[in-house]
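>>> Coordinates only, no sequence provided:
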């Protein structure tokens, strides 16, 4: 989905043409962000890939407030498969997280630091899991990070792994993630949660080459954004696209939301009102139909049955 939005695809053009007020909404949201504290303890010269690492780690940390997903169900698990001790690491990680994490509760600084260290490790494993098999692990994430992962997983014992990560990962990176986590906890502690789905995959995900959202809470689809920059129109189109990819409304999504991690802000929209307010000439059913047709032009090998 993101690759289509980053290119001059038919899908991107369709959304821009039929949601003409989307840019205006993004400008309004970004203007509001200027009034909020910005969460960032990283040095000014920190390169973008570090923000990406923290962002992926924050996705894991945020989900752990809602549910302890077994390691085998994480994208990180796929990245760990090239290590012989991956299975035992998963067993130990699951056991440790179930004891350490207390749902939406605030953790002690010591425990929070440990959880964040493990989330940073999982983020690097996810890069391995999502990337091409044609490149070596060391090439994908860098020799230093690959060595840390190899040593960590070969150890197995979580407390020993934590000691290794504490020595290996920059202090400011860990503290940045902890700050983001603390702010998210303030938000999530007030949520009334009856049902949650982490990393939902939609009926239309395969039509765009694979697409999994961050989470669904009750009837609200939430996409987490934790980048250094403010929102872009692609961020809005992404969460709209995910809702549209749920072709049969199997998840019962009524609201879509963006959680802006570095501002601690949750932007929530009623989907029907959002589409109408952005200037769509279509009702949702017809909008989804035309959205699928746009995807079919970008990925013509898919058989949509039109």
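Perfect, I can see it now. In this text, all values refer to a predicted model and were calculated from it rather than measured experimentally. Numbering: from 1, shown residues only.

>>> low pLDDT regions in the stretch 101-250 of the chain?
In the predicted model, the stretch 101-250 of the chain carries pLDDT under 70 at residues 132-135.

>>> can you pull out the strands in it?
196-198, 215-217, 220-225 (DSSP state E, counting those that start in this stretch).

>>> Let me have those strands in CSV, extended by distance to residue 180 and mean neighbour count.
In short, each C-beta sits where N, CA and C put it, glycine included. Output for the strands of the stretch 101-250 of the chain, formatted as CSV (distance: least, Cβ to Cβ, whole Å; neighbours: other Cβ atoms under 10 Å):
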stretch, distance to residue 180, mean neighbour count
strand 196-198, 18, 16
strand 215-217, 16, 21
strand 220-225, 10, 21
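
>>> The longest helix along the chain: how far from the chain's middle?
When the chain is parsed with DSSP state H, its longest helix is helix 109-130. Centroid separation for helix 109-130 versus its chain: 14 Å, with Cα atoms, centre = their mean, to the nearest Å.

>>> what's the answer for stretch 152-165, then?
So, by Cα atoms, centre = their mean, the centroid of stretch 152-165 is 25 Å from its chain's centroid.

>>> circling back to that earlier point, out of the strands of the stretch 101-250 of the chain, the one nearest residue 119 is which?
strand 220-225 (12.7 Å; Cβ to Cβ).

>>> Parallel or antiparallel, which strands does that closest one pair with?
strand 215-217 (antiparallel), strand 255-260 (parallel) (DSSP bridges).

>>> Counting by contacts, list what the one helix or strand residue 99 maps to packs against.
Using DSSP states H and E, residue 99 sits within helix 86-100. If you count contacts as 3 or more Cβ pairs under 8 Å, 6 or more residues apart in numbering; DSSP states H and E, helix 86-100 packs onto helix 75-80, helix 109-130, helix 143-155, helix 158-168.

>>> Pull out the buried positions in that helix.
Using 16 or more other Cβ atoms under 10 Å as the test for burial, helix 86-100 gives 86, 89, 90, 92, 93, 94, 96, 97, 100.

>>> go on, stretch 44-61?
46, 50, 51, 53, 54, 55, 56, 57, 58, 59, 60, 61.

>>> Same question for stretch 278-296.
Those would be 278, 280, 284, 287, 288, 289, 290, 291, 292, 294, 295, 296, for stretch 278-296 by 16+ other Cβ under 10 Å.

>>> Please apply the same query to stretch 71-89.
Quick answer for stretch 71-89 (16+ other Cβ under 10 Å): 71, 74, 75, 76, 77, 78, 79, 80, 83, 86, 89.

>>> now stretch 26-42
For stretch 26-42, by 16+ other Cβ under 10 Å, it's 26, 29, 39, 42.

>>> Turn these into TSV, including secondary structure, pLDDT and distance to residue 268.
Formatted as TSV, the buried residues of stretch 26-42 follow (DSSP: H, G, I helix; E, B strand; the rest coil; pLDDT from 0 to 100; distance: Cβ to Cβ, whole Å):
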residue	secondary structure	pLDDT	distance to residue 268
26	helix	97	15
29	helix	96	12
39	coil	95	20
42	coil	95	28
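
>>> Pick out whichever of these sits closest to residue 18.
Closest to residue 18, out of all of these and judged by Cβ to Cβ, is residue 26, at 16.0 Å.

>>> on that earlier part again, quick one, the helix holding residue 99 and helix 143-155 angle?
With axes from the mean of the first three to the mean of the last three Cα atoms, to 10 degrees defining the directions, helix 86-100 sits at 80 degrees from helix 143-155.

>>> Give the burial count for residue 140, as a bare number.
16 (other Cβ atoms under 10 Å).

>>> That one contacts residue 128, doesn't it?
Yes - Residue 140 is in contact with residue 128 according to Cβ atoms under 8 Å; the separation is 6.0 Å.

>>> a markdown table for the strands paired with strand 220-225, including distance to residue 194?
Below are these laid out as a markdown table (distance: least, Cβ to Cβ, whole Å):
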| stretch | distance to residue 194 |
| --- | --- |
| strand 215-217 | 9 |
| strand 255-260 | 14 |
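
>>> hmm, back to that, go through the buried residues of stretch 44-61 and name the one nearest residue 166.
residue 57 (14.9 Å).

>>> For the closest one, pull up the helix or strand it's in.
Going by DSSP H and E, residue 57 is in helix 48-64.

>>> could you check the angle helix 109-130 makes with that helix?
110 degrees.

>>> Need the contact partners of helix 48-64.
Residues outside helix 48-64 that contact it (Cβ atoms under 8 Å, 6 or more residues apart in numbering): 42, 69, 74, 76, 97, 101, 115-116, 119-120, 122-124, 126-127, 173, 176-177, 180-181, 184, 188, 198-199, 214-215, 224-228, 259, 261.
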